[in-house]
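Visitor: Here you go, sequence then predicted model.
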Amino acid sequence: MMEKLNIEELTAEQVSFQLILHSGNARSKIIHSLRVYREGNMEEAEKLIAEAEQDLSVAHDIHFQMVQKEAQGQKTEFGLLLMHSEDHLMSTLTMKELVKELLEIFKTKNI
């Protein structure tokens, strides 16, 4: 289990980079899971998806802390870096769900 980050201890840039780091790690594992599945290793593919979900859990928690701060009236400084990091997270979450579904289809079709 990964350690929970407290965004109160980070600068706005560090928060964005943490989102990019954790969602980027997850994205790499998700793509790698398809590749190892293609090589015939379903067990490793599932392990990589589980690891990606742990990375995404950290990123999602950071995102949730940001939403909580804003709900409490503490506005987040918005810039291109934050927009990029949020886009990175959201696209990786979408990618994860799609790859999980593909792997299930592949398993049932013996592909």
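Guide: Sure thing, it's come through. Everything numeric here is computed off the predicted structure, so don't read it as measured data. Residues are numbered from 1 along each chain as shown.
Visitor: which stretches of this protein form helices?
Guide: Applying DSSP state H to the chain gives helices spanning 12-38, 42-71, 80-108.
Visitor: Just send those back as JSON lines, with mean pLDDT and distance to residue 4 too.
Guide: For every residue, glycine as well, the C-beta is placed using N, CA and C. Below are the helices of the chain laid out as JSON lines (pLDDT from 0 to 100; distance: least, Cβ to Cβ, whole Å):
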{"stretch": "helix 12-38", "mean pLDDT": "96", "distance to residue 4": "11"}
{"stretch": "helix 42-71", "mean pLDDT": "95", "distance to residue 4": "6"}
{"stretch": "helix 80-108", "mean pLDDT": "95", "distance to residue 4": "16"}
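Visitor: which stretch among these comes nearest residue 6?
Guide: helix 42-71 (7.6 Å; Cβ to Cβ).
Visitor: and the helices of the chain as CSV, adding mean neighbour count?
Guide: As requested, the helices of the chain are exported to CSV (neighbours: other Cβ atoms under 10 Å):
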stretch, mean neighbour count
helix 12-38, 19
helix 42-71, 17
helix 80-108, 15
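Visitor: Residue 3 is nearest to which of these?
Guide: Residue 3 lies closest to helix 42-71 among the helices of the chain, at 8.1 Å (Cβ to Cβ).
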